[in-house]
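K.L.:
Dropping a prediction and its sequence here:
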Amino acid sequence: MNEKKFHVGVKALIQNEEGKILLVRVNTKELKGNKHGAYWDIPGGRIKEGDDVERTLRKEIEEELGTNDIEIVKPFDSIISNIEIPVGNEKFGLVLAVYLCNLGTKKFKLSHEHTEFKWASIDEAKELLSIKFPKSFTEKLDQL
């Protein structure tokens, strides 16, 4: 029996004062083996050896948004992504732990990994995130 291999990532679910969610559009030039085209995501990344959840989340926010002014509030959800990651000749599933976070600054600068950002309503976020995130996650956004 072949068992599926997974990478583990953490994501920051960030809302503004109006209840909108911060979305980032993935730069397809930075993705290997991407068959989904450009899609929307929330900030975060994969955990590397020797790192823990909090360190990874803070490092990824600083890398992707250019700020370390973030408060990790609490876990929101854990899911298996709809997207697989090609590594060599293999494909890995992606397990994501999503945390509610507060961003202390209104100013940030996107890295080369993303082409744009937007503050989306819950309904818009549910639609735009449906490529990467399963329905169980997008439906849970209604609880925010």
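P.N.:
Yes, it's here.
K.L.:
Within its local environment, how many residues does Lys135 see?
P.N.:
11 (other Cβ atoms under 10 Å). C-beta here means a position set from N, CA and C on the backbone, and glycine is covered the same way.
K.L.:
Ok, Gly45 next?
P.N.:
Gly45 is flanked by 19 other residues according to other Cβ under 10 Å.
K.L.:
The one 5 residues further on too?
P.N.:
By the other Cβ under 10 Å criterion, the neighbourhood of Gly50 contains 6 residues.
K.L.:
Tell me which other helices or strands the longest strand seen in the chain touches.
P.N.:
Longest strand in the chain by number of residues (criterion: DSSP state E): strand 90-103. Using 3 or more Cβ pairs under 8 Å, 6 or more residues apart in numbering; DSSP states H and E, the elements in contact with strand 90-103 are strand 6-14, strand 44-46, helix 53-65, strand 70-80, strand 85-87.
K.L.:
how far is the first one from where the chain is centred?
P.N.:
Here strand 6-14 shows a centroid-to-chain-centroid distance of 5 Å under the convention Cα atoms, centre = their mean, to the nearest Å.
K.L.:
Show me what that strand pairs with in its sheet, parallel or antiparallel.
P.N.:
Partners of strand 6-14 in the sheet, by DSSP bridges, are strand 44-46 (antiparallel), strand 90-103 (parallel).
K.L.:
Pick the most buried one from those.
P.N.:
Ranked by mean neighbour count under mean count of other Cβ atoms under 10 Å, those are led by strand 44-46, which reaches a mean of 19.
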